[in-house]
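Chemist: Pasted the sequence and its predicted model underneath.
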Amino acid sequence: MGSGHGTELNLTLKVWRQKNSKAAGSFETHQLTGISTDMSFLEMFDVLNEKLISEGKEAIAFDHDCREGICGMCSMYINGRPHGPKQGVTTCQLHMRSFKNGDTIVVEPWRSAAFPVIKDLAVDRSAFDRIIASGGYISVNTGNAQDANNILIPKTDADEAFGAAACIGCGACVAACKNSSAMLFVSAKVSQLALLPQGQVERKERVLKMVEAMDAEGFGNCTNTGACEAECPKGISLENIARMNRELTAASFK
Amino acid sequence: MSKLDSKIPEGPIDQKWTKYRSTVPLVNPANKRSLEVLVVGSGLAGASAAATLAEMGYKVKVFCFQDSPRRAHSIAAQGGVNAAKNYQNDGDSTYRLFYDTIKGGDYRAREGNVHRLAEVSSNIIDQCVAQGVPLAREYGGLLSNRSFGGTQVQRTFYAAGQTGQQLLLGAYSALQRQVGSGNVTLCSRHEMLDVVTIDGVARGIIARNLVTGEMEKHFGHAVLLCTGGYGNVFYLSTNAMGSNVTAAWKAHKKGAFFGNPCYTQIHPTCIPVSGDHQSKLTLMSESLRNDGRIWVPKKKDDNRKPTDIPEEERDYYLERRYPAFGNLVPRDVASRAAKERCDAGYGVGNSKMAVYLDFAFNTARYGRTEATKRNIQNPSQEEIMRLGKEVVKEKYGNLFDMYQQITGENPYEVPMRIYPAVHYTMGGLWVDYNLMTTVKGLYALGEANFSDHGANRLGASALMQGLADGYFVIPYTIGVYLSTEVTRMSAEKDKTDSIDKLKTKHPAFDAALKEQTDLINKFLNIKGTKSVESFHKRLGLIMWNKCGMARNKQGLTEAIAEIQALRKEFWSDVRVLGSADEFNPDLEKAGRVADFIELGELMCKDALHREESCGGHFREEHQTEEGEAKRDDVNFAYVAAWEYKGVSDWELNKEELKYENIKIAQRSYK
C-alpha cells in the first residue's frame, strides 16, 4: 500500500522573488533536502518557507487556499508550464512523486500584462471578476424563479454546460498562451449560459459585453495554438472558444 | 432573566415564518438607497445575501480575504444540497426535512429556525436553476437526486462532486451582476480585523487591505458576518488554508455571544494523514457512501491486500451495527464507529488509522444493469466491472481523480482508505431568529452562526443553510432592524454630530483603527524564535487529542492549561517577518492563529462544562452500553452562549431549547 512510505528527494529550487508590482524581480536559488514524495508541491513550499523563516528571511509569497484543486487560487508556473508537468491538475494537487531526486525546479508567477505581480508568485487576477461583472450571469433577482423542474434540460445539454461551468478561474489558460489570451476563460462562461434555456434571453448581449470587457482588460488575441486547453487543470475544451466565436458572429448580425 | 431572546415568533410551527415574513416592518425603496450594509465573506451565505440585498436597493460592500469572491471555501463542497421537493415521490416533505435535521442534530437545534430552513429549501433549488446552475439531470430532462446520511429519502440535488462550486458560482455571478451595475462595492484581498461599535451598536468595521497593508475604516448601518467556520483551530481540517475565526472572534470580544463552540463535526470519510508535512486534509464526499461500503478486516493486524481478503473475513461494521441506515448513518455516528474499530486494532494501511471505503460491490451492480440496458448476454466479470466503472466515473469521477492525485492509488481498482477529519463547526456566533447577534446591527449567517444544526450537521445541509440565510431569510429579517434605523436617522437629521454625518470620522473608528494597527505592530515587534505555523500546529495537536472525536474531563482540563501556556509563549516568542505596509501572508496568519488560540480555550471550556454526549460532542464519561452518545436532556437541553469578559474569562448564558413539535428521544439509526 502506498501510504506514508514515499522516498525522499533532494532538490534545487529557482524561485521568482519580486517585492511588489513596481520592483524588478529576480530568481533566488534554494536547496531542499529530504522532501517526501507524498508531499504536495505547496507542502514542499511550506517546508521551504519554514526554513527561510528559521534563517530570519522573509517567506515566499504565493496564492493558495483550498488545496484540493477547486478554488483556483494557486497559480505557479513550474518549469515553463502553468501548474507544472502533470496534465489536469492544479499546483496544489501536484505531488512531489512527479519529480525525481536531483531535479532543478524553476517556479515563476503567471506572466501576463493583465495579471500584474503583487509579490513574488502572487498576481492580480481581478480582471476576471470584471469580465464576469460585465455579463457573465443570468439576470434573475432572488424570488423570481419558477419551479426548477418546469425547465426541462436534456441531460446532454446539462452535462455540456456543466463541463464548461467547471472552470475554476485560475488563469492558467492566460499564463499558457503566448498572446496572454483569456478566450478559454471567457468562452467557458459564454458557453455554459448559451447552452442552457435560461441563458437564451440575454445570449447576444452577453457575448458582446464580455468580449468587449475582455479586450478592455488588455488580454491578447486568440491564435488557436491550443496551449490553453492543454494546460487547463479542469479540461475545459477548445470547443468553447469555437462556440463563442459563433455566438459573437451571430450576435454581431442583429 | 436571561440576556437571550431568541425572538421565535408565536404560533404553529408551520405558520411561524410565513406569518412573520408577511408582518415584519419594511423599508421603502427610497430609504434603502441611503442604508449601507457591509457583508464580510463571500461564500454561499455572503454572496447570496450581498446580491439579494443589492437587488433590493441597499448599498452593499463585500469583503473577502481571497483574491476573488468566487474562491470562498463553499466552492469546495462536494456532495450536494438538500431540498424537500419530493421530486422522487418517496415521501419527503417539509416536515420530514425538519424532523431529520432536528434528530440529526441530536435534539440540540431550535425548532423554529430549522422549520424555516426546511420551508425555504425548495426555493433555493428554483433560484439556483434559474441562475443557470447546471445541477445533474435525468435523461427526461428533470433534476436528479441522491441519498445522504441520516435520511431515508432522496432529497439531495447535486452537480457531480462539485455542487458547492456550481452553487457558489451561481451566487457569485448574481453578486458580480450587482458589482457591474454599481450596487455592490467589492473589496477583495481585504481582511476584517474588528467590528466598530458605538454605544453597543455595530456601525462598521476595520479592514486591512492585504496588498498594500493599509488599514481602512468602513461605515455601515448593518454588518453581516458570513465568514464561515473555525475548523482550522485543529490545524488539520478539510477547511481551506485561509479559513479563520478572526472576524467572528473579534465580534465576540466586542459583545457577540459565542454559541456552542465545542460542537465540531468530524467527517467520517477523508483521506488519512500521510506524514508530518501534512498541511490540510481532503474530504471524500458523503455521497460516496451511497455506493461505497465501509469495512475493516475481521482479524486484527490483517496485512493482506484488501482485494485478497475474502468476503466472509470482512466486517462491514456500519451495516452490522446499524441495519436500518447502514452506511448512511449520520456523520458523527460513522466517525465514532471508525475510530472505535481503529482504536481496537482493526485499522488498515501503514498507519493503521484508516478503514476501507469499497466500491467493488456497487460497481458490479451498476455493470450488470448497464449490460442489461445494452442487451449484452452473459457478460464476463471483466465486462461487468468495465461497464460499472463507467457509471461510477460519471458520478464521482472528480473525487476518484482527487484521491488518486493525493494517495497515488487507483480507487477504481483498490478500496479507498479513509479516516475521520475535522470538517465543519456547528457552533458559532449566537443569533436570534432574525440572525442578529447579541450586538445590535451585527448579524451572522451560514456556518458563522450556531443556529440550525444542533450538535451534528447532516450532509448536504450546509449549502442549504448558507443559501437559505442569504437568499431568503436575511432579506426579510434585516428590515426589522433597518426600519428602526430609518426612524433614528430621521430623528437625528439635524444633529451635527450624528453618526450618519460623521460616519468613519466618528472617534470610535479612529480608536478601533489605532487598536488594530498597534496589534499588527506588536506581532512584528516580538521578534521571537518560533514561526506562526509552529504555534498553529501545536494548538492543533492539543485540540485534536483532547477536544476531538472523544473528550473527557481530565483531557479537557489539561488542554485548557496547555493552551493558556501556548498563548503566553506565542505572545513572547513568535517570529513574524516582513513589514506591515506590504503583502505579508505570514503577518495575516499571525493574527488568525492568535485568535484560534483564544477560541481553542473556550471550546475546551464549553466541552468541559457540557457533562453529556450529544452529536459531535462525545464525552467518554457519558455513553450508553453500546458506546452511543448519551444525552442529558434534563440538565443540558440548552444552547450555551458564552459572553466574553476578558482573557480566559467567560460568563455562561443559557437559551433553553423547547421541543413543541418533535418528541425528544434517544436517537436511533438501528
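Modeler: Looks like it came in fine.
Chemist: C-alpha only now, for contacts and for neighbours.
Modeler: Will do.
Chemist: Tell me where chain A has helices.
Modeler: For chain A, the helices defined by DSSP state H cover A:41-54, A:126-135, A:155-165, A:172-176, A:183-195, A:203-216, A:227-231, A:239-252.
Chemist: Give me the distance between the two termini of stretch B:250-259.
Modeler: The first residue of stretch B:250-259 is 15 Å away from its last residue (C-alpha to C-alpha, to the nearest Å).
Chemist: Phi and psi next, for the closest residue to residue A:168 other than its chain neighbours.
Modeler: Spatial nearest neighbour of residue A:168, excluding adjacent residues (C-alpha to C-alpha, 6 or more residues apart in numbering or on different chains): residue A:72 at 5.0 Å. Note on residue A:72: its backbone torsions stand at phi 80, psi 10 [degrees, to the nearest 10].
Chemist: what about residue A:72, neighbour count?
Modeler: As a burial measure, residue A:72 scores 26 neighbours (other C-alpha atoms under 10 Å in any protein chain shown).
Chemist: Report pLDDT for it.
Modeler: For residue A:72, the pLDDT comes out at 98.
Chemist: I figured residue B:547 hits residue B:556, correct?
Modeler: Yes - Residue B:547 sits in contact with residue B:556 when judged by C-alpha atoms under 8 Å, with a separation of 6.5 Å.
Chemist: Now the common contact residues for the two.
Modeler: Both residue B:547 and residue B:556 are in contact with B:604, B:607, where contact means C-alpha atoms under 8 Å, 6 or more residues apart in numbering or on different chains.
Chemist: Neighbour count for the two, which is higher?
Modeler: A direct count of neighbours by other C-alpha under 10 Å for residue B:547 and residue B:556 places residue B:547 higher, at 29 against 24.
Chemist: and residue 59, what does it touch?
Modeler: By default, I'm working from chain A. By C-alpha under 8 Å, 6+ apart, the contact set of residue A:59 is A:49-50, A:52-53, B:577, B:586.
Chemist: To clarify, I was referring to chain B.
Modeler: Contacts of residue B:59 were listed using C-alpha under 8 Å, 6+ apart, and they are B:32-37, B:53, B:183-184.
Chemist: from these, which is closest to residue B:542?
Modeler: For those, the residue nearest residue B:542 by C-alpha to C-alpha is residue B:37; the value is 38.5 Å.
Chemist: Let me see the backbone angles for residue B:133.
Modeler: Torsion angles, degrees, to the nearest 10, at residue B:133: phi -70, psi 120.
Chemist: what about it, neighbour count?
Modeler: Neighbour tally, residue B:133, other C-alpha under 10 Å: 29.
Chemist: any idea how far it lies from residue A:131?
Modeler: Distance, residue B:133 to residue A:131, by C-alpha to C-alpha: 19 Å.
Chemist: And residue B:28, by the same measure?
Modeler: 32 Å.
Chemist: Looking at the two now, which is surrounded by more residues?
Modeler: Shown here are residue B:28 and residue A:131; by other C-alpha under 10 Å, residue A:131 has more neighbours (23 against 13).
Chemist: What residues of stretch B:210-227 count as buried?
Modeler: Within stretch B:210-227, the residues that qualify as buried are B:210-213, B:215-227, counting by 16 or more other C-alpha atoms under 10 Å in any protein chain shown.
Chemist: ah, wrong one, I meant stretch B:324-344
Modeler: Counting neighbours by 16+ other C-alpha under 10 Å, stretch B:324-344 gives B:325-339, B:341-342 as buried.
Chemist: ok, residues contacting it?
Modeler: Residues contacting stretch B:324-344 (C-alpha under 8 Å, 6+ apart): B:104, B:148-152, B:265-269, B:289-290, B:292-294, B:296, B:317-320, B:322, B:347-348, B:352-355, B:419-420, B:456-459, B:549, B:615-616, B:628, B:669-670.
Chemist: try stretch B:529-547
Modeler: So stretch B:529-547 is contacted by A:50, A:53-54, B:232-236, B:262, B:552, B:555-556, B:559, B:562-563, B:566, B:570, B:573-576, B:586, B:589-590, B:593, B:597, B:600, B:603-604, B:607 (C-alpha under 8 Å, 6+ apart).
Chemist: What mean pLDDT does it get?
Modeler: The model assigns stretch B:529-547 a mean pLDDT of 98.
Chemist: what distance separates it from the middle of the whole chain?
Modeler: 21 Å (C-alpha atoms, centre = their mean, to the nearest Å).
Chemist: swap in stretch B:497-515?
Modeler: Centre-to-centre, stretch B:497-515 and its host chain are 33 Å apart (C-alpha atoms, centre = their mean).
Chemist: swap in stretch B:623-630?
Modeler: 26 Å.
Chemist: Buried ones in it, by neighbour count?
Modeler: B:623, B:628-630.
Chemist: State the pair within these that is farthest apart.
Modeler: The span of these, defined through C-alpha to C-alpha, is set by B:628 and B:630 at 6.3 Å.
Chemist: If anything else comes up later, I'll come back, but that's it for now.
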